[in-house]
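Q: no FASTA, just this:
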């Protein structure tokens, strides 16, 4: 009896992989679990576990399709959160206001070398994007 319900025994499955994809898509579109129960003639727990991804894990969950407007709005919100983080973090703000960002520690007696072109463009882009037009002290 226990072998009947063992993982990988697809003969005991109530749904096909195609139905799982369809159920998840419909649920994402706004169908209720109750409507899906009636349509596919399975129990509520079967539908609930399917749409939460607890069963049929090997089948990818649907990704929402975003419009250009939604993507732009999300990008603007992300940039605003970044501005707030920078404004509230003095260490990060100071790092972005320095002329060069370096991952390696620089010895105290080493001469200061200017950043390469790509690094400088990235620093300038960050300063411009987040309103950090402060000239670093010399």
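A: Everything's here; your move. What you are looking at is a predicted structure, and each value in this text was computed from that prediction instead of being measured. Numbers count the residues shown, from 1 in each chain.

Q: which helix in this protein runs the most residues?
A: helix 68-88 (DSSP state H).

Q: which parts of it are buried?
A: Neighbour counts using 16 or more other C-beta atoms under 10 Å place residue 86 of helix 68-88 among the buried residues. Placement of C-beta: from N, CA and C, glycine included.

Q: I'd like the next helix or strand past it.
A: As assigned by DSSP states H and E, the chain's next helix or strand after helix 68-88 is helix 90-97.

Q: just to revisit the earlier point, what's the mean pLDDT across the longest helix of the chain?
A: The average pLDDT for helix 68-88 rounds to 82.

Q: helices or strands next to it in the packing?
A: Taking 3 or more C-beta pairs under 8 Å, 6 or more residues apart in numbering; DSSP states H and E as contact, the helices and strands that helix 68-88 lies on are helix 90-97.

Q: quick one: list the elements packing against the helix it packs on.
A: Applying 3+ C-beta pairs under 8 Å, 6+ apart, we find helix 90-97 packed against helix 68-88, helix 117-129.

Q: angle of that helix against helix 117-129?
A: Using axes from the mean of the first three to the mean of the last three C-alpha atoms, to 10 degrees, the direction of helix 90-97 lies 120 degrees away from that of helix 117-129.

Q: which residue ranges make up each domain of this structure?
A: 2-52, 68-100+112-129 (automatic domain parsing).

Q: closest to residue 61 out of the ones you listed?
A: Comparison of the domains of the chain against residue 61 by C-beta to C-beta identifies domain 2-52 as nearest, at 6.2 Å.

Q: quick one: mean pLDDT for the closest one?
A: For domain 2-52, the per-residue pLDDT values average out at 82.

Q: so who does residue 48 touch?
A: Neighbouring residues of residue 48 by C-beta atoms under 8 Å, 6 or more residues apart in numbering: residue 33.

Q: name the helix or strand for it, please.
A: Going by DSSP H and E, residue 48 is part of helix 44-52.

Q: so for that helix, what gets flagged as buried?
A: Buried-residue list, helix 44-52, by 16+ other C-beta under 10 Å: 46-47, 50-51.

Q: between the residues you listed, which is nearest residue 26?
A: Closest to residue 26, out of all of the buried residues of helix 44-52 and judged by C-beta to C-beta, is residue 51, at 9.2 Å.
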